[in-house]
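What follows is a predicted structure for the sequence shown.
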Amino acid sequence: GIVRVLLTQRPVGKNQGGLWEFPGGKIEPGEIPEVALARELTEELNIEVDSRTLRPLTFASHGYPAFHLLMPLYECVDGWSGSPCGAEGQPFTWSTREQLESYAMPPADYPLIGAVKRAMEMCSVVEPGNGAS
């Protein structure tokens, strides 16, 4: 199948509204990042994610005028279920590797694109010797 990554569009009227981003959100006090991401994906997109299946991929460190963002990025290949649906009506899309750089994103998300594209490429590679013999 075609390897795709899920992107969501920030609501118009909010900070950086209209830009596309890798979905997620803030970590609540006492939460670990994987549990926070699973919670945010349920709240924002109505999908269930087993936080134990999330694998760290990379992170972004970006200084905004009012705060510094340290954003971990996780890979979730098959530990999720449901059909994404923007809980607040926000658009979402499944991007291919080739389309990824065509989306306008917040400055903190751009440095993540290279790692995402490499991970997508690895998912689409079929290693010899893994078939039935």
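Sure thing, it's come through.

did I read that right, Arg39 in a strand?
No - secondary structure of Arg39 (DSSP: H, G, I helix; E, B strand; the rest coil): helix, not part of a strand.

Return the residues in contact with it.
Neighbouring residues of Arg39 by CB atoms under 8 Å, 6 or more residues apart in numbering: Glu28, Glu31. Quick note: C-beta positions are derived from backbone N, CA and C, even for glycine.

Val12 now?
Here Val12 is in contact with Gly18 (CB under 8 Å, 6+ apart).

in its sheet, what does the host helix or strand of Trp94 sit against?
Here Trp94, judged by DSSP states H and E, is contained in strand 92-96. Strand pairing for strand 92-96, determined by DSSP bridges: strand 4-9 (antiparallel).

Give the pairing partners of whatever helix or strand comes next after the strand it pairs with; include direction for each.
Next along the chain after strand 4-9, taking DSSP H and E as the criterion, comes strand 20-21. Counting by DSSP bridges, the strands paired with strand 20-21 are strand 4-9 (antiparallel).

The partner strand: which residues count as buried?
Along strand 4-9, these residues count as buried under the neighbour rule (16 or more other CB atoms under 10 Å): Val5, Leu6, Leu7, Thr8, Gln9.

Ok, stretch 73-85 next?
Leu73, Tyr74, Glu75, Cys76, Trp80, Pro84.
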